[in-house]
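> dropping the sequence and predicted coords here.
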Amino acid sequence: MILLIEKSRRLLTAAGDGGERLLQCKIALGSDPTGPKQRQGDGKTPEGIYFVCLKKMGKWGPSLGISYPNEDDAKRAGAGEQLSQCIRERAAKGERPPWGSPLGGEIFIHGGGAEKDWTAGCIALEDEQAQALYDLVPVGTKIMIRP
């Protein structure tokens, strides 16, 4: 399974291993969605290849944690070797990256509505679709976020 997020189309597609579409829904993004996320508080939604690093019930209902930042994000932001190494090691173990760095973190796919871009960098769906996605997607699922 893979989750494909197309920021420019405001579209999330969940596809099975054979490429079949399992779920497709409209999304909302960060308040400043153009370009990749580079730091905490920039209002951008990440771009790149990630994985679902955790599932939880949060403020916005069923939520899938995105493994942002990844190593490419750290390089692009000029993060130091210590942070890059920590990100690498955690990714190799399938664990969530450090979320307390200046790069930001705690980026989720969650409910709350998809009518307009409003999040701090997360990907928001309608509540019913967030629940359907939460039920469908296991931890470890690949996420591809395109501009």
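Nice, I can see it.
> all the helices of the protein, residue numbers only.
71-76, 81-92, 127-136 (DSSP state H).
> so for Met1, which of those sits nearest?
The closest of the helices of the chain to Met1 is helix 127-136. By C-beta to C-beta, the value is 7.9 Å. Backbone N, C-alpha and C define where each C-beta goes, glycine included.
> helices and strands around the closest one, which ones?
strand 11-15, strand 21-26, strand 61-66, strand 108-110 (3 or more C-beta pairs under 8 Å, 6 or more residues apart in numbering; DSSP states H and E).
> which of those strands is buried the deepest?
Across the helices and strands packed on helix 127-136, averaging neighbours per residue (mean count of other C-beta atoms under 10 Å) puts strand 108-110 on top, at a mean of 25.
> how far off centre is that one?
In terms of C-alpha atoms, centre = their mean, to the nearest Å, the centre of strand 108-110 is found 7 Å from the chain centre.
> picking up where we left off before, turn the helices and strands packed on helix 127-136 into JSON lines, including mean pLDDT and distance to Pro98.
Formatted as JSON lines, the helices and strands packed on helix 127-136 follow (pLDDT from 0 to 100; distance: least, C-beta to C-beta, whole Å):
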{"stretch": "strand 11-15", "mean pLDDT": "97", "distance to Pro98": "26"}
{"stretch": "strand 21-26", "mean pLDDT": "96", "distance to Pro98": "30"}
{"stretch": "strand 61-66", "mean pLDDT": "97", "distance to Pro98": "13"}
{"stretch": "strand 108-110", "mean pLDDT": "98", "distance to Pro98": "16"}
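> for the helices of the chain, which one sits closest to Arg10?
It is, among the helices of the chain and with distance given as C-beta to C-beta, helix 127-136, at 12.9 Å.
> buried stuff in the helix or strand of the chain with the lowest mean pLDDT?
Sorted by mean pLDDT, DSSP states H and E, the helices and strands of the chain end with helix 71-76, the least confident at a mean of 86. For helix 71-76, a neighbour-count test (16 or more other C-beta atoms under 10 Å) marks Glu71, Asp72, Asp73, Ala74, Arg76 as buried.
> nearest to Leu54, of those residues?
Looking across these and measuring by C-beta to C-beta, the closest to Leu54 is Asp73, at 17.8 Å.
> out of everything not next to it in sequence, what's closest to the closest one?
Ranked by C-beta to C-beta, 6 or more residues apart in numbering and with sequence neighbours excluded, the top spatial neighbour of Asp73 is Leu103, at 6.0 Å.
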